[in-house]
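Chemist: got a structure for you, letters missing:
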């Protein structure tokens, strides 16, 4: 039986965080704060995509 690590992100959590961060960033006025928020949102999107790939069936060893 495996335990889920509370520090381990869930795919849905990463997707939700990425979407929320992108929406917040897009609604900010132009400036350095918006630029940084957009960069953070982009990193979260990449993290979600990476997580999906790493735990996909594509990387499972053959049985």
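Modeler: Received the coordinates, thanks. Just so it is clear, the model here is predicted, and its values are computed rather than measured.
Chemist: May I ask which helix or strand encompasses residue 61?
Modeler: Using DSSP states H and E, no element contains residue 61; it sits outside every helix and strand.
Chemist: what about it, distance to residue 18?
Modeler: 29 Å (Cβ to Cβ, to the nearest Å). Just so you know, the C-beta spots here come from the backbone N, C-alpha and C atoms, and that holds for glycine as well.
Chemist: what do you get for residue 31?
Modeler: With Cβ to Cβ as the criterion, residue 31 and residue 18 are 22 Å apart.
Chemist: Provide a list of residues in contact with the spatially closest residue to residue 21 that is not a sequence neighbour.
Modeler: Leaving aside its sequence neighbours, residue 21 sits nearest to residue 41 (Cβ to Cβ, 6 or more residues apart in numbering; 3.8 Å). Going by Cβ atoms under 8 Å, 6 or more residues apart in numbering, residue 41 touches 18, 21, 22, 24, 25.
Chemist: Can you tell me which of those residues is nearest residue 54?
Modeler: residue 18 (15.9 Å; Cβ to Cβ).
Chemist: Compare residue 61 and residue 18 (neighbour count), which wins?
Modeler: Per other Cβ atoms under 10 Å, whichever of residue 61 and residue 18 has more neighbours is residue 18, with 20 against 4.
Chemist: The more buried one against residue 50, yeah?
Modeler: No: Residue 18 lies out of contact with residue 50 (Cβ atoms under 8 Å); the separation is 11.4 Å.
Chemist: Please identify the longest helix in this protein, counting by residues.
Modeler: helix 32-54 (DSSP state H).
Chemist: So for that helix, what gets flagged as buried?
Modeler: By neighbour count on 16 or more other Cβ atoms under 10 Å, the buried set for helix 32-54 is 37, 38, 40, 41, 44, 45, 48, 51.
Chemist: now, among these, which is nearest to residue 57?
Modeler: Distances from residue 57 to the buried residues of helix 32-54, taken by Cβ to Cβ, are shortest for residue 51, at 14.1 Å.
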